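K.L.:
Structure for this input, please:
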Amino acid sequence: MNWLVKQCRLPARVAFVVAVLLLTSCSDVDVYTVETQVTAGGKVIHTPKLTTLSRLREREAAPGPRVRVDNPTHDFGRMDPLTERSHTFVIRNIGDAPLRLEQGPTTCKCTLSGLSNRHVLPGAAAHVVVKWNSGRDLTYAHSAKIHTNDPANPVVDLVIKGTVVALFRCQPEEIVFSRVALGETPSASTVFYSQVWDEIDFSDIRGSLQGLTWRIEEADAAEKSSLDARAAYRLSVTLPGDLPSGYFNAALHVQGRAKNGQDDRTASCEVTVAGKVLSRLAVYGPDIDADGTVHLGRVPQGQGVRKRLLLKLRDEQKELVAQRFECLPPSLKVHIEPYKVDANAELGLYYLHVELPNDAPTFRLPPNQNGYIRIEFDHPRVGKLELSVDLIVMPREDFAAGGGVGAG
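P.N.:
Numbering: from 1, shown residues only. Model (predicted):
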């Protein structure tokens, strides 16, 4: 319309008449219709369908029953959690033959309470009531299907949607400590809020990680506004300093209620507290896996293998002196050297060299058993290092017959 007015320099009313005449004369003009669906996860999807004006006219003029729902999607806006509501949809027959209606499936938390009329005469209407429970999700979208005998619209989707106000929630629901040094006590936080209560009383807080501590303070105005909250509090957790190296995964169970008798409901949230405590001495390289297994592979006797790994010492004392080596197979040769002499006092990096000599004898352990490398150190806090070794030394004739793949 704007294009017609601008390009043809016509008054708006005249341009409208011209546009109508053009559309009525061009029956093969492509147009889009929109199909609305609700996914299993509660998301509303509007899908455009390409058709032509002539096909739309044929469908409008076709004899038989014709179903029409003027408002197939109903938005209820904001609702309290765990609240049941209902909405009545009107289904009309604008055709010239009786319209048959049958109840179809619904999505979770959404039910049909029945059709007022399963056989709708031309010009008449039927009513269907859709009921649902808002649950605790921040948004909801549910649908119910009605099957019809209208050949152009065999299925009608009735959609309800809206948002649920948060009674008691936290954001984020997971606190992750990605790289924690041994003995370190880092802190991180999450925000607990309510879009219903003016103040929150934290009636119970329990953590599954021994030594975990926490504190609560009011969140700032910006955080409160971003969450559209009436009350918001920041809960900070601090890890204990005696966590062992490795991964940890714990839960913090928090229970809240409204202060000053505003509401007699009690709600709870669970925050995941997870992360990894770094080893004081860590080993890196393409030939070692996360479980600490050095992969030397299947090697033909007489070939030999050399691998180099990197040791990282995380300690104020960077000097690492190896006192004793023990290996299985005993033919393995292992030694340690500084990564870079000038910088090693600052970095704490060392090379770990692992060598299988060319004259090593055959070696094979039973299935699911590995060799090992054990190193004892003269260090006040790093006493030893033990690594698993995946290695088979095969007779050359067995290897040539296809008994294994050589290590690179």
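K.L.:
Residue ranges in the stretch 301-408 of the chain under the pLDDT threshold?
P.N.:
Along the stretch 301-408 of the chain, the parts satisfying pLDDT under 70 run over 343-345, 399-408.
K.L.:
change it to 80
P.N.:
For the stretch 301-408 of the chain, the stretches with pLDDT under 80 are 341-346, 398-408.
K.L.:
so where do the strands sit in it?
P.N.:
305-313, 322-328, 333-338, 349-356, 371-377, 384-394 (DSSP state E, counting those that start in this stretch).
K.L.:
For these, give me JSON lines that also has mean neighbour count.
P.N.:
(Each C-beta comes from the backbone N, C-alpha and C, glycine too.) Formatted as JSON lines, those follow (neighbours: other CB atoms under 10 Å):
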{"stretch": "strand 305-313", "mean neighbour count": "17"}
{"stretch": "strand 322-328", "mean neighbour count": "14"}
{"stretch": "strand 333-338", "mean neighbour count": "15"}
{"stretch": "strand 349-356", "mean neighbour count": "19"}
{"stretch": "strand 371-377", "mean neighbour count": "19"}
{"stretch": "strand 384-394", "mean neighbour count": "19"}
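K.L.:
what's the closest of those to Val273?
P.N.:
Proximity to Val273 (CB to CB) singles out strand 305-313 among those, at 25.5 Å.
K.L.:
Confidence-wise, which helix or strand of the protein is lowest on average?
P.N.:
In the chain, no helix or strand scores lower on mean pLDDT, DSSP states H and E than helix 2-8, which sits at a mean of 39.
K.L.:
check contacts around Leu209.
P.N.:
Listed by CB atoms under 8 Å, 6 or more residues apart in numbering, the contact set of Leu209 reads 239-240, 248, 250, 273.
K.L.:
tell me, how many neighbours does Asp220 end up with?
P.N.:
Around Asp220 there are 12 other residues, counting by other CB atoms under 10 Å.
K.L.:
buried stuff in stretch 247-261?
P.N.:
For stretch 247-261, burial by neighbour count (16 or more other CB atoms under 10 Å) applies to 248, 250, 252, 254-258.
K.L.:
Show me the two of the residues you listed that sit farthest apart.
P.N.:
Phe248 and Ala258, at 33.6 Å, using CB to CB across those.
K.L.:
As JSON lines, the strands of the stretch 301-408 of the chain with distance to Pro98 would be great.
P.N.:
Formatted as JSON lines, the strands of the stretch 301-408 of the chain follow (distance: least, CB to CB, whole Å):
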{"stretch": "strand 305-313", "distance to Pro98": "79"}
{"stretch": "strand 322-328", "distance to Pro98": "85"}
{"stretch": "strand 333-338", "distance to Pro98": "88"}
{"stretch": "strand 349-356", "distance to Pro98": "84"}
{"stretch": "strand 371-377", "distance to Pro98": "82"}
{"stretch": "strand 384-394", "distance to Pro98": "75"}
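K.L.:
Which one of the buried residues of stretch 247-261 is nearest to Val389?
P.N.:
Minimum distance to Val389 across the buried residues of stretch 247-261 is 27.8 Å, recorded for Phe248 (CB to CB).
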